[in-house]
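Participant: everything below, folded, please.
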Amino acid sequence: FESTLALFVLASLLCSMDVPFNCTCRRRTCVSRASARRRTCSVCCASMAARMRTFASAAPSSRPGRSVPGSRGNVDEEAKRVHRVVLDMARGGDVLGAIRALEPALARHPGNKHLLTTSASLLERVGRTDEAADALHEACAIDGRDAAPWQALAVLASRRGDFASAEALFERATQVDENHAPAWQAWACFESARRRTERARELFRNAVAADPTHAPSWQAW
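Facilitator: All right, here's what the predicted structure looks like:
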């Protein structure tokens, strides 16, 4: 639930976005190449875009859930406690503190996909998008049948201006779990932001069909 909440925050930001987004790497060369129209810096983002497209196109069976030291089917009590503290810190505005608080927990639980997904959300908020993508790729590798990290990767790609990868990743998220309403909703918001209204309506219908009790889908629609 907590990782879904973190993804909803990202999806809410996506619903209100103006596209395209600017590069967040903050390198001097990027600043010199970024235009006043806020176009994504192709120099820094091209390699990440290629990696995301390749990852999205691979078959789920080629990325089976792998056994990672410390991995558990359910988040253990310590990880749950840290997760709650981290989310509270982030909601209070201390995102950097939340990132620092997560680091020892990730070291103790390297196979915890919930901590990885939350870490990615926080890293993206402070512009560390390459690290965020790495965390999400790892979460997908741990459990390729969980839609949440695929959805987060799609949102990240869209915020970098890599719309082709974003669309492929949203599709993958809904393929691995067609009943995951937040993925349908985030995809619909993405299409709506691109002024593809009819496509967005279709995806919102899929979202409420997947889970009629998912209020954010009805609200965004």
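Participant: quick one, helices of this structure?
Facilitator: Counting by DSSP state H, the chain has helices at residues 2-15, 28-33, 42-57, 77-91, 95-108, 113-125, 129-142, 147-159, 163-176, 181-193, 197-210, 215-220.
Participant: my guess is His114 contacts Ala79. True?
Facilitator: Yes: judged on C-beta atoms under 8 Å, His114 makes contact with Ala79 at a distance of 7.3 Å. Heads up, the C-betas are built off the backbone N, CA and C, glycines and all.
Participant: return the most buried member of the helices of the chain.
Facilitator: Of all the helices of the chain, helix 147-159 has the most neighbours on average by mean count of other C-beta atoms under 10 Å, namely a mean of 28.
Participant: can you list the weak-confidence ranges in this structure?
Facilitator: Applying pLDDT under 70 to the chain flags the ranges 1-75.
Participant: again, only this time at 80
Facilitator: By pLDDT under 80, the weakly predicted segments of the chain are 1-76.
Participant: can you tell me the closest non-neighbouring residue to Ser158?
Facilitator: Excluding the flanking residues, the one nearest Ser158 by C-beta to C-beta, 6 or more residues apart in numbering is Ala166, at 3.8 Å.
Participant: which residues does that neighbour contact?
Facilitator: Ala154, Val155, Ala157, Ser158, Phe190 (C-beta atoms under 8 Å, 6 or more residues apart in numbering).
Participant: turn the residues you listed into CSV, including distance to Asn206.
Facilitator: Below are the contacts of Ala166 laid out as CSV (distance: C-beta to C-beta, whole Å):
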residue, distance to Asn206
Ala154, 15
Val155, 17
Ala157, 20
Ser158, 18
Phe190, 13
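Participant: Ala209: which of those is nearest?
Facilitator: Taking C-beta to C-beta as the measure, Ala209 lies nearest Phe190 of the contacts of Ala166, at 18.3 Å.
Participant: pretty sure that closest one contacts Gln151?
Facilitator: No: when contacts are counted by C-beta under 8 Å, Phe190 is not listed as touching Gln151 (10.4 Å).
Participant: where do the contact lists of the two overlap?
Facilitator: Common contacts of Phe190 and Gln151, defined by C-beta under 8 Å, 6+ apart, comprise Phe170.
Participant: surely Pro149 touches Thr117?
Facilitator: Yes: the criterion here is C-beta under 8 Å, and Pro149 meets it with Thr117 at 5.2 Å.
Participant: need the residues touching each of those two.
Facilitator: Common neighbours of Pro149 and Thr117 (C-beta under 8 Å, 6+ apart) are Leu136, Ala139.
Participant: who's in contact with stretch 88-96?
Facilitator: Gly97, Ala98, Ala101, Leu122, Arg125, Val126.
Participant: now, among those residues, which is nearest to Ala107?
Facilitator: Using C-beta to C-beta, Ala101 comes nearest to Ala107 of those, at 12.0 Å.
Participant: how near is that closest one to Pro110?
Facilitator: Distance of Ala101 to Pro110, computed by C-beta to C-beta, to the nearest Å: 16 Å.
Participant: likewise Ala90?
Facilitator: Ala90 sits 21 Å away from Pro110, going by C-beta to C-beta.
Participant: same question for Ala132.
Facilitator: As judged by C-beta to C-beta, Ala132 and Pro110 stand 17 Å apart.
Participant: how many residues are close by Asn179?
Facilitator: 11 (other C-beta atoms under 10 Å).
Participant: equivalent analysis for Val126, please.
Facilitator: Count around Val126 with other C-beta under 10 Å applied: 14.
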